[in-house]
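# below are the sequence and a predicted model for it; my questions follow.
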There are 2 protein chains.
Amino acid sequence: MNAIQIKNVTKRYHDVTALDDVSFTFEHGKIYGFLGRNGAGKSTLINIIANRIFTDEGEVLIDDMPAKENMDVHEKIFCMSEEDLYADGIKVKDHFKWIDCFYESFDRKKAFEIAERFGLNTGKKFKQLSKGYQSIFKLTVAMALNVPYVIFDEPVLGLDANHRELFYDLLLREYENNERTIIIATHLIEEVANLIEEVVLIDKGKVLLQESVENLLETGYSVSGMANNVDAYCDGKNVIGYDELGGMKIAYVLGERFPAPQGSGVQLSAMNLQKLFVKLTEKGGN
Amino acid sequence: MNAIQIKNVTKRYHDVTALDDVSFTFEHGKIYGFLGRNGAGKSTLINIIANRIFTDEGEVLIDDMPAKENMDVHEKIFCMSEEDLYADGIKVKDHFKWIDCFYESFDRKKAFEIAERFGLNTGKKFKQLSKGYQSIFKLTVAMALNVPYVIFDEPVLGLDANHRELFYDLLLREYENNERTIIIATHLIEEVANLIEEVVLIDKGKVLLQESVENLLETGYSVSGMANNVDAYCDGKNVIGYDELGGMKIAYVLGERFPAPQGSGVQLSAMNLQKLFVKLTEKGGN
């Protein structure tokens, strides 16, 4: 089943085309990494899926129903927003109460449990929370909603390393217990590399790549050595970027990896997902 | 020379002791990682060093001069703040103009150069910038000030992976060209592990550890295997934390590493700085 289908979506702001005829599908029951640079169009698309803003062209279907102003869809999906949509002056526990009124699928008991795990003081007002705890409040709401589709937009912004580990851990347990479609938009790519199954990478309002993490890591590798040796080895290969230091060079390559011949003077190594992302989006030009 | 000396600093907010008789020194010409969990007291101490708030007890000396309300100190140090101290409605380029008036050591040309490298639109008002670009604006100001002591508080909050790489790169070049004392408070510990020379770790308002990164990584290691084998191997060692999965266990140990004896059924591996941090601050109790 096509859980979330993005069909030819275009969105413009004045003279900027934030999304340019974007089409792809989030399938049912997977954990996605929704990646892209700042300004690539991720949050715009999330806001369209969440029915917070509208497309200029194209549409979003959720379980084959149009997402736009559709109450049946509303109960199926929740999009945590990077922006602060919560009233500043209301206490966390009162926010939980309000959300409980609006969402049948909200599990208030679970929300308090998650809040406790993170040490979130539910007696505090939203504006009194630190940036990290504002993120924790928002991800708590998203995790306590028993909807089949959840989108997290920068869920770990401002969280310390312990709380990030706790979030990844809770998310994975949640996913194992209830098969859901989970979409995570994050800049901390290396940290979610073991969590996500598939990557959708958007760049400058277009889909640059949709691929399983396994395939990506299998086909991406780095070649290091003296610059002339690296250049010779990489001739004819799909080089997506370089780093240079003095006479040394590291080339980043996508494609089948053949062992370096004896005497070629180069060394092949695995490439991590974050480096792959950086090089792919650099190639697109800054 | 003791660049920045923290002497018996205590700071209380109502019934909370944010800093509890803290004493340590940032030495001249090093790059420090100033680490700690959310709420550990990092920002409080940075604000005291920056003369934005005052201690209840103790003092901060900069080049052996008291930092409190001292204009001679003012020109020696700059503390980037996690909080937004910049007027919302003023354009980035006008902020640069104002800072230029207040700080003799501000290099406005350099500020515009750095802004350009990051693609920061200097014609935008502060409040129009995304969270990532607000951080970029703040780190640009900090980098364009030619002061001997710079403190960055969460400089990469909201930055994408490419911009984080660029920041680390610029910082290292900067450090190589002008020997300065650079202090970075960040939650992205693994990313700065190669950048920083020394770690100051504070936890619940106290200094838990001050150590070179090299020593820390040399003495920290993990022991994995079946739980009973791991427990047997770790007996009498300084275990700072565990992870468990089914009958498997990973123990995190600080101390001299001896090869595991044949047949012990355990495997020893290096521990990264972030994991070390998580386990040390967990041990303190959440």
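Cool, the structure landed. Numbers count the residues shown, from 1 in each chain, chains lettered A, B, ... in the order given.
# give me the distance between A:His187 and chain B.
5 Å (Cβ to the nearest Cβ, to the nearest Å). Placement of C-beta: from N, CA and C, glycine included.
# longest helix of chain A, counting residues only.
helix A:161-177 (DSSP state H).
# give me the contacts around the helix or strand that comes right after that one.
Using DSSP states H and E, the next helix or strand after helix A:161-177 towards the C-terminus is strand A:181-185. Outside of strand A:181-185, the residues within contact range by Cβ atoms under 8 Å, 6 or more residues apart in numbering or on different chains are A:3-4, A:26-36, A:42-43, A:46, A:82, A:148-155, A:171, A:174-175, A:192, A:195-196.
# return the set of buried residues in the helix or strand that strand A:181-185 is followed by.
Using DSSP H and E, the next helix or strand after strand A:181-185 towards the C-terminus is helix A:189-192. Neighbour-count burial for helix A:189-192, counted by 16 or more other Cβ atoms under 10 Å in any protein chain shown, picks out A:Ile189, A:Glu191, A:Val192.
# near chain B at all, the helix or strand just after helix A:189-192?
Helices and strands here follow DSSP H and E; after helix A:189-192, the next one along the chain is strand A:198-203. No. Using Cβ under 8 Å from any Cβ of the partner chain, we find that strand A:198-203 stays clear of chain B, coming within 10.9 Å at best.
# got it, and stretch A:264-281?
Yes. Among the residues of stretch A:264-281, A:Gln274, A:Phe277, A:Val278, A:Thr281 lie within reach of chain B under Cβ under 8 Å from any Cβ.
# which members of those residues are classed as buried?
A:Gln274, A:Phe277, A:Val278, A:Thr281.
# point out where the stretch 151-286 of chain A drops to low pLDDT.
A:283-286 (pLDDT under 70).
# would you mind listing what in it touches chain B?
Near chain B, when you scan the stretch 151-286 of chain A using Cβ under 8 Å from any Cβ, you find A:154, A:157-165, A:187-190, A:274, A:277-278, A:281-282, A:286.
# do that again at 6 Å, thanks
A:Asp160, A:Ala161, A:Asn162, A:His187, A:Ile189, A:Gln274, A:Phe277, A:Val278 (Cβ under 6 Å from any Cβ of the partner chain).
# which two of these have the greatest separation?
A:Asn162 and A:Val278 (26.1 Å; Cβ to Cβ).
# quick one: secondary structure of A:Thr55?
Taken by DSSP: H, G, I helix; E, B strand; the rest coil, the conformation at A:Thr55 corresponds to coil.
# separation between it and A:Asn47?
10 Å (Cβ to Cβ, to the nearest Å).
# gap between the spatially most central residue of chain A and chain B?
Central residue of chain A (Cα atoms, centre = their mean): A:Ala185, 2.1 Å from the mean position. Between A:Ala185 and chain B the distance is 11 Å, computed by Cβ to the nearest Cβ.
# please work out how many residues are found near the closest residue in space to that residue that isn't next to it in sequence.
Using Cβ to Cβ, 6 or more residues apart in numbering or on different chains and skipping the chain neighbours, the partner closest in space to A:Ala185 is A:Phe34 (4.3 Å). A:Phe34 has 21 neighbours, counted by other Cβ atoms under 10 Å in any protein chain shown.
# likewise A:Thr181?
Number of residues near A:Thr181 (other Cβ under 10 Å) recorded here: 22.
# okay, and the beta partners of it?
A:Tyr149 (DSSP bridges).
# same thing with A:Val253?
Beta-bridge pairing for A:Val253 (DSSP bridges): A:Tyr221, A:Val239.
# quick one: contacts for it?
Neighbouring residues of A:Val253 by Cβ atoms under 6 Å, 6 or more residues apart in numbering or on different chains: A:Tyr221, A:Lys237, A:Val239.
# mind doing that once more with 8 Å?
A:Gly220, A:Tyr221, A:Ser222, A:Val223, A:Cys234, A:Lys237, A:Asn238, A:Val239, A:Ile240.
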